[in-house]
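J.: here is my input; please provide its structure:
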Amino acid sequence: MKFSMLAIAATAFAGVQGFAPVANPSARVLAMQQASTAIQMSAAVDVDTKAALATAANEARGLAMDSIAAAHSGHMGLPLGAAEIGASLYGSQMSYNPKDPQWVNRDRFILSAGHGSMFLYSWLNLAGFDLPIDELKNFRQHHSMTPGHPEFPNSEHNTPGIECTTGPLGQGVANAVGFAASEKMAEAVYNTDDHKIFDHHVFALAGDGCFQEGVSAEAAAFAAHEKLDNLVILYDANEVTLDKMAEYTQSEDILKRYEAYGWEVYDIDGHDLDAVEATIAAAKASDNGKPKFIKCNTIIGKGMEETEGTKAAHGEAGVPYVDKAKLNIGLPEGEKWYVSEGTRDFFKGVQEKNQAAYDEWQATYDEWQATYKAWSEANPDLAKQLEDSVADNVMPADEMIKAIPDMNVDAAEATRVSGYKVIQEISKIVPQYVSGSADLHGSCRNYIDNGGNYGAGFDKSYAGKNLYFGIREHAMGSILNGFAYHGLFKASGSTFLVFADYIRPTIRVAGLAELGRVSYVFTHDSIGVGEDGPTHQPVETVSGLRAFPNVDVYRPADAEETVAAYVSSVTRKDGPTVLVFSRQNLEQNNAVSAAERREGALKGAYVAKKEEGDLDVIVIATGSEVQHALEATKDMPGARVVSMPCMEAYERQSDEYKESVLPSTCTKRIAMEAGITGLWYKYASKVVGVDRYGFSAPGDIVMKELGMSAENLKKEIESMA
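T.: Modelled structure (predicted):
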């Protein structure tokens, strides 16, 4: 809901300098005095609204205390310390409709400090989302809608109002940058001169841990460089971390740091509702090309005098003091999960004193719906594209592999080069597909021709399909996930496979959150990298990525399998995909038709060479090693070669199909991959692999010396009983 006076507050507040960083940021009292002075210069929140927000803040504190006490588990510090921030966001500043939680132009809120999840659950309940009070009572219990950390709707949890899975600190800040970048793209792609259907803001609440983690710094630099002024980060600056007071491990001036990035910064008392309201309003009203950073000076665990302001307030140490604390903040004695009728009425907008405010908010939503209808009629093609994007409708995989022309590759070709050809076709078929790179477009070959470059300045625009992340892999992964959470575009990003470890935390969360709109492109996939040496030759990385549940890892053997890999990545709905491509040229298995290779690769594994007589041995290979398997067995009539580009996709096939590829009657099996051997013993009794680091030499020499050759494979096959 929006209150009309806030437009006045924003206008009056714009340009007020009292919220600039103070000369001595450690002087919190001085900072708060300056903030208070600035507020007196601006329009204050009307008395009734302020009283309602203050009451709601305390009742949200009570909900958090009762839920954490009931679970004997959780984190009280943030929900109690940031309650006024929640009251302002959900009671005033954010535009949303709890009856339509997927409204595409809603403001987004990300709780980067996900351990404080009861903050979010309390406010979603108060704001009228379909999160019943009984679910708050079941906090952290099996099958509840209130898991320990917020989880994006998935097969395990479906909690309306949760925009993002958070918990690993810092990632939520970077996710929020992805949300903001996606919103800017939506504005550029879908808004017209006559109709503005996208104009929302992205808010994130984060703590000290989020800003100590490097991923937030990477993302902050990107956000400022690309002028994402629709992004508002609220820093819950409570001066406490888990082990010690924050000063024990940090002494930087964070406001100066963010100002140096290019952010607009504010410094306020996070418990002063006037300050919080006016500052957020000012941040929203400032379309100056700068993302907004609001340092909200707060007291962790506020309201619980036994622990507030100390590291003990962080977790559930305050549980024994809950009843006393609730009394101290004015909640009725003995009532658990108490919410007053006044607060319920306030958030419903039915109480007379708030009816005008609710009507204004409702009119905004209805006006947007009318604008969207007019826009759809005037722009039917764009409307169809947007509807498909929101619903994640794409051509089915079996149709898409037929719609992409045969690659017709006769000579040896690196799969990264094949990937460059395929991504052009994907971009045509899936117009909402965008891609990016951590400064490696030229090497990873995932640039979308004629797609334009994303961002601000130079030759960039917010409609561009190619994102330049700079050398910031961790932030790139989190920003890509932010695009996926935002729910309008399919996003991918690239780097060398050996640098996947910089991005692993984001891949894990994407698998957990079942994000089907995101994929990760990794090239230079093995010891075949050669001269760059073992620092750039991944041997453990592919298997490490395969270890993630619900993450598909494709390592195609040739151009046609690369088509299937890309198609699978954009058609999968319930999880992310990793695409692993070679630097070196690979032979093409043209003895098998393009259609058969594509169809087989979509299923994860298929017969790449069928035995000519009685089946004696099965050779399983993937990626660059399939060519060696085919060569090694060319004079073995009883040998079957199985190409297995994706273990995960293969495991989802029917028992009948799996039996047709790897018949249980044949136990004489050998697998080959230029990487560690462990996972392959699920399918084979013998594995030819690389269980050591490589060395610097031309790639073909490294491969041969470490046994990745047809000759060595043939010798190993012949040695089997």
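
J.: dump the strand or helix carrying residue 419 to PDB, keeping only the CA atoms.
T.: Using DSSP states H and E, residue 419 maps to helix 415-429. Extracted in PDB, the C-alpha atoms of helix 415-429 (Å, rounded to 0.1, in the frame of the first residue of the first chain):
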ATOM      1  CA  THR A 415      32.200 -27.900 -28.800                       C
ATOM      2  CA  ARG A 416      32.700 -24.300 -27.700                       C
ATOM      3  CA  VAL A 417      32.700 -23.400 -31.400                       C
ATOM      4  CA  SER A 418      29.600 -25.600 -31.900                       C
ATOM      5  CA  GLY A 419      28.000 -23.900 -29.000                       C
ATOM      6  CA  TYR A 420      28.500 -20.500 -30.600                       C
ATOM      7  CA  LYS A 421      26.500 -21.700 -33.600                       C
ATOM      8  CA  VAL A 422      23.800 -23.300 -31.500                       C
ATOM      9  CA  ILE A 423      23.200 -20.300 -29.200                       C
ATOM     10  CA  GLN A 424      22.300 -18.200 -32.200                       C
ATOM     11  CA  GLU A 425      19.500 -20.600 -33.000                       C
ATOM     12  CA  ILE A 426      18.400 -20.800 -29.400                       C
ATOM     13  CA  SER A 427      18.100 -17.000 -29.300                       C
ATOM     14  CA  LYS A 428      15.800 -17.000 -32.300                       C
ATOM     15  CA  ILE A 429      13.500 -19.700 -30.900                       C
END
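
J.: in a strand, residue 494, correct?
T.: Yes. Assigned with DSSP: H, G, I helix; E, B strand; the rest coil, residue 494 falls within a strand.

J.: which residues are in contact with the one helix or strand residue 629 maps to?
T.: Using DSSP H and E, residue 629 maps to helix 626-632. The contact list for helix 626-632 (CB atoms under 8 Å, 6 or more residues apart in numbering) reads 557-558, 586-587, 589, 591, 608-609, 619-621, 641, 643, 672, 708-711, 713-714, 717. C-beta coordinates here come from the backbone N, C-alpha and C atoms, glycine included.

J.: that older thread, what's the following helix or strand after the helix holding residue 419?
T.: Sequence order places strand 433-437 as the next helix or strand after helix 415-429, per DSSP H and E.

J.: what pairs with that following strand, parallel or antiparallel?
T.: strand 466-468 (parallel), strand 490-496 (parallel) (DSSP bridges).

J.: mind checking those for the one nearest to residue 334?
T.: Among those, the nearest to residue 334 by CB to CB is strand 490-496 (50.9 Å).

J.: and the angle from the helix or strand following that closest one to strand 490-496?
T.: Proceeding N to C from strand 490-496, the next assigned helix or strand is helix 504-512, under DSSP H and E. On the basis of axes from the mean of the first three to the mean of the last three CA atoms, to 10 degrees, helix 504-512 is oriented at 150 degrees to strand 490-496.

J.: what about the closest residue in space to residue 611 that isn't next to it in sequence, which helix or strand?
T.: In space, and not counting its chain neighbours, residue 611 is closest to residue 640: 4.6 Å by CB to CB, 6 or more residues apart in numbering. Under the criterion of DSSP H and E, residue 640 resides in strand 639-643.

J.: returning to that earlier point: okay, and which of the contacts of helix 626-632 map to helices?
T.: 710, 711, 713, 714, 717 (DSSP state H).

J.: tell me the buried residues within the residues you listed.
T.: By neighbour count, with 16 or more other CB atoms under 10 Å, those hold 710, 713, 714, 717 as buried.

J.: which of the residues you listed lies closest to residue 99?
T.: residue 713 (61.9 Å).

J.: ok, now which ones touch that closest one?
T.: Taking CB under 8 Å, 6+ apart, we find residue 713 in contact with 619, 625, 628, 629, 632, 670, 672, 688.

J.: against residue 671, how distant is it?
T.: 10 Å (CB to CB, to the nearest Å).

J.: which residues are in contact with each of these two?
T.: With CB under 8 Å, 6+ apart, residue 713 and residue 671 have common neighbours 619, 688.

J.: how confident was the prediction at residue 229?
T.: At residue 229, the model reports a pLDDT of 98.

J.: how many neighbours does the nearest residue to residue 629 once chain neighbours are set aside have?
T.: Closest residue in space to residue 629, ignoring its immediate chain neighbours: residue 621 at 4.0 Å, by CB to CB, 6+ apart. Using other CB atoms under 10 Å, residue 621 has 27 neighbouring residues.

J.: and residue 621, what pLDDT?
T.: We have a pLDDT of 98 for residue 621.

J.: same question, the one 5 residues further on
T.: pLDDT recorded at residue 626 is 98.

J.: residue 63: what secondary structure?
T.: helix.

J.: how close does it sit to residue 337?
T.: Applying CB to CB, the value for residue 63 to residue 337 is 6 Å.

J.: which of the two has more neighbours?
T.: Using other CB under 10 Å, the more surrounded residue of residue 63 and residue 337 is residue 63, with 27 against 17.

J.: isn't that one right up against residue 336?
T.: No. Using CB atoms under 8 Å, residue 63 is not in contact with residue 336; the gap is 9.3 Å.

J.: dump the residue contacts of the closest residue to residue 625 other than its chain neighbours.
T.: Spatial nearest neighbour of residue 625, chain neighbours left out: residue 672 (4.5 Å); criterion: CB to CB, 6+ apart. Applying CB under 8 Å, 6+ apart, we find residue 672 in contact with 619, 620, 621, 625, 628, 629, 687, 688, 689, 708, 713.

J.: can I get those residues in TSV including distance to residue 79?
T.: Converted to TSV, the contacts of residue 672 look like this (distance: CB to CB, whole Å):
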residue	distance to residue 79
619	58
620	52
621	53
625	53
628	58
629	57
687	51
688	55
689	50
708	55
713	59
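
J.: which one among the residues you listed gets closest to residue 50?
T.: Checking the contacts of residue 672 against residue 50 with CB to CB, the nearest one is residue 689 at 66.5 Å.

J.: ok, the closest one touching residue 676?
T.: Yes. In this structure, residue 689 is within contact of residue 676 by CB under 8 Å, at 6.0 Å.

J.: what about residue 650, neighbour count?
T.: Residues lying near residue 650 (other CB under 10 Å) number 21.

J.: next, the residue lying closest to it once chain neighbours are set aside: secondary structure please.
T.: In space, and not counting its chain neighbours, residue 650 is closest to residue 604: 3.0 Å by CB to CB, 6+ apart. Using three-state DSSP, the structure places residue 604 in coil.

J.: please report how far residue 604 lies from residue 648.
T.: To residue 648, residue 604 is 7 Å away according to CB to CB.

J.: for the residue nearest to residue 703 when sequence neighbours are not counted, what are its contacts?
T.: Excluding its sequence neighbours, the residue lying closest to residue 703 (CB to CB, 6+ apart) is residue 528, at 5.7 Å. Counting by CB under 8 Å, 6+ apart, residue 528 touches 537, 582, 583, 584, 624, 674, 699, 700, 702, 703, 708.
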